[in-house]
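Novice: coords please:
(2 chains)
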Amino acid sequence: MADSETQGPDYEEQHVHTVYEQIASHFSSTRYKPWPVVERFLKGLPDGAVGADVGCGNGKYLAVNPRVFIVGSDRSTNLIKIAKQHHPHSAVVADNLSLPHPNHSFDFAISIAVIHHLSTPARRIDAVKAILELLRPPFRDRKGGTGGRALIYVWALEQKDSRRGWDEGHQQDVMVPWVMKGKKEKAQKKGKALEQDMEYGGAKRGAEDKTFLRYYHLYRKGELESDVAEAGGEIVESGYEKDNWWAIVARKT
Amino acid sequence: MKLLTLNFLTCAIKTCKTQPASFPLHPRDAELEIVETDMNLPFLKNILPRLMWDELRTITSELGLPDLPPTPPTRSNLVEGGEKDAVAEEEEQEEVVEEPTQTAKDLHRILLETCIKEGKLVCGACGHEYKVMEGVANFLLPGHLV
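Specialist: Modelled structure (predicted):
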């Protein structure tokens, strides 16, 4: 478990960034279906809205609404190479605590399944601050405009019906395995794969599965809301969707 | 990386961002490529009010591209025959397909199809250089600048 080690940027480099860089292509092939709350948020935006997707991964949310413009960012170059194929949007490599965007310039932002990878409470709050800083300040106009809104989504501790089975009272800082199956891929191209396996003395059936461990902080009920408040933001709406806590946030009026 | 992106990028260093000279970032030693994409007229019209026109002109001139006009086009400038107002549009039941003007095509070419493939983006305030490789700009900072 994570708690005995020094946490912070170096820890995340080893237990988050390096892992995603290595699993990028496999990870991406499993990430194509948008989550309903995120889809609703993105489809509800006015045409021409400009936003940021902080920690965009393979850019699956860039495909949801082509009538807005999104600049996606992620720590992983390999994931950004996949994400940049979504037009009309854009994607750059950046750290979510040092974002390369002018302050207060976006109509919206999303950060989906990202800030739970930061390994200290202070860094998680800073991550929320960085998202809030992107947003245009609150205003009201005759057309019902409101200023910038961001949707933040994190993994929940309370998910007793999930495959992982965590629930209230469980340790919140966990290492979660990502298993890359060696078998399936190799089995398809028989001849060559078999030879390789023999050379390495591997099993006849194919390469060994490879397991990568990623660090996660699982959010307790109410924790996301309290981090948002700590970061100087306001909750517009929040809730729980299939093993995750989410919140739509704005800068304080 | 398409040039439109530069309209929404600045230096990643916190103390630098708030200084006016950090925007826009300046392309240097840039190798450009054209990546063709479908013309999306509604998108162009909608993005128009968000463009920092003077800054975009600076960037295109630094890249040695043809000069952008001194003032930004209006929505109407982008539609062949001008843009119909909302009421007129509602009255005409059949959908009129709007045709992009040359101005719109030029803007599409510059903002969405002209991409920086290799090179650097330089902050005008602190001088920090961000690399662009294989069309991907990298804003990760070395530890001492975080």
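Novice: give the closest residue to residue B:73 in space, chain neighbours not counted.
Specialist: With sequence-adjacent residues excluded and distances taken as C-beta to C-beta, 6 or more residues apart in numbering or on different chains, residue B:73 is closest to residue B:103, at 5.1 Å. C-beta: built from backbone N, CA, C; applies to glycine.
Novice: that should have said residue B:133, apologies.
Specialist: Sequence neighbours aside, residue B:118 is the residue nearest to residue B:133 in space, at 6.2 Å (criterion: C-beta to C-beta, 6+ apart).
Novice: give me the number of residues near whichever residue of chain B sits closest to chain A?
Specialist: For chain B, the residue positioned closest to chain A under C-beta to the nearest C-beta is residue B:46, at a distance of 2.5 Å. Applying other C-beta atoms under 10 Å in any protein chain shown, we find 19 residues neighbouring residue B:46.
Novice: element containing it, please.
Specialist: Secondary structure assigned from DSSP states H and E places residue B:46 in helix B:41-47.
Novice: what average pLDDT does that helix get?
Specialist: Helix B:41-47 shows a mean pLDDT of 93.
Novice: residues of that helix that come out buried?
Specialist: For helix B:41-47, a neighbour-count test (16 or more other C-beta atoms under 10 Å in any protein chain shown) marks B:41, B:43, B:44, B:45, B:46, B:47 as buried.
Novice: just stretch A:72-84 next, same as before
Specialist: Within stretch A:72-84, the residues that count as buried by 16+ other C-beta under 10 Å are A:72-84.
Novice: for the stretch 101-250 of chain A, which residues are neighbours of chain B?
Specialist: Within the stretch 101-250 of chain A, the residues that sit near chain B (C-beta under 8 Å from any C-beta of the partner chain) are A:101, A:102, A:103, A:105, A:106.
Novice: out of the residues you listed, the closest to chain B would be?
Specialist: Closest to chain B, out of all of these and judged by C-beta to the nearest C-beta, is residue A:102, at 4.7 Å.
Novice: wait, what's in contact with the residue nearest to the closest one when sequence neighbours are not counted?
Specialist: Counting by C-beta to C-beta, 6+ apart, residue A:102 lies nearest to residue B:10, which is 4.7 Å off, once chain neighbours are set aside. Counting by C-beta atoms under 8 Å, 6 or more residues apart in numbering or on different chains, residue B:10 touches A:100, A:101, A:102, B:16, B:17, B:22, B:23, B:24, B:25, B:123.
Novice: including pLDDT and distance to residue B:107, could those residues go into JSON lines?
Specialist: Below are the contacts of residue B:10 laid out as JSON lines (pLDDT from 0 to 100; distance: C-beta to C-beta, whole Å):
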{"residue": "A:100", "pLDDT": "98", "distance to residue B:107": "24"}
{"residue": "A:101", "pLDDT": "98", "distance to residue B:107": "22"}
{"residue": "A:102", "pLDDT": "96", "distance to residue B:107": "21"}
{"residue": "B:16", "pLDDT": "95", "distance to residue B:107": "30"}
{"residue": "B:17", "pLDDT": "92", "distance to residue B:107": "27"}
{"residue": "B:22", "pLDDT": "97", "distance to residue B:107": "25"}
{"residue": "B:23", "pLDDT": "97", "distance to residue B:107": "20"}
{"residue": "B:24", "pLDDT": "97", "distance to residue B:107": "17"}
{"residue": "B:25", "pLDDT": "98", "distance to residue B:107": "20"}
{"residue": "B:123", "pLDDT": "98", "distance to residue B:107": "26"}
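Novice: which one of those sits in the busiest neighbourhood?
Specialist: Result: residue A:100 is most packed of these (other C-beta under 10 Å), 28 neighbours.
Novice: can you classify residue B:108 by secondary structure?
Specialist: helix (DSSP: H, G, I helix; E, B strand; the rest coil).
Novice: number of nearby residues for it?
Specialist: For residue B:108, the neighbour count with other C-beta under 10 Å is 23.
Novice: for residue B:31, same thing?
Specialist: Per other C-beta under 10 Å, the neighbour tally for residue B:31 reads 11.
Novice: test my guess that residue B:17 contacts residue A:103.
Specialist: Yes - between residue B:17 and residue A:103 a contact is recorded at 6.3 Å, counting by C-beta atoms under 8 Å.
Novice: low-confidence ranges in chain B?
Specialist: B:85-95 (pLDDT under 70).
Novice: residue boundaries of the helices in the chain?
Specialist: No chain was given, so I picked chain A. A:9-12, A:18-29, A:36-43, A:77-83, A:121-134, A:183-188, A:190-199, A:223-230 (DSSP state H).
Novice: can you look at chain B instead?
Specialist: B:14-17, B:41-47, B:53-62, B:75-78, B:86-91, B:102-108.
Novice: return the residues in contact with the closest residue to residue A:24 other than its chain neighbours.
Specialist: Excluding its sequence neighbours, the residue lying closest to residue A:24 (C-beta to C-beta, 6+ apart) is residue A:78, at 3.5 Å. By C-beta under 8 Å, 6+ apart, the contact list for residue A:78 reads A:20, A:21, A:24, A:25.
Novice: any idea how far residue A:116 is from the residue in the stretch 151-253 of chain A positioned nearest to chain B?
Specialist: Of all residues in the stretch 151-253 of chain A, residue A:231 sits closest to chain B, at 15.1 Å by C-beta to the nearest C-beta. The gap separating residue A:231 from residue A:116 is 15 Å, by C-beta to C-beta, to the nearest Å.
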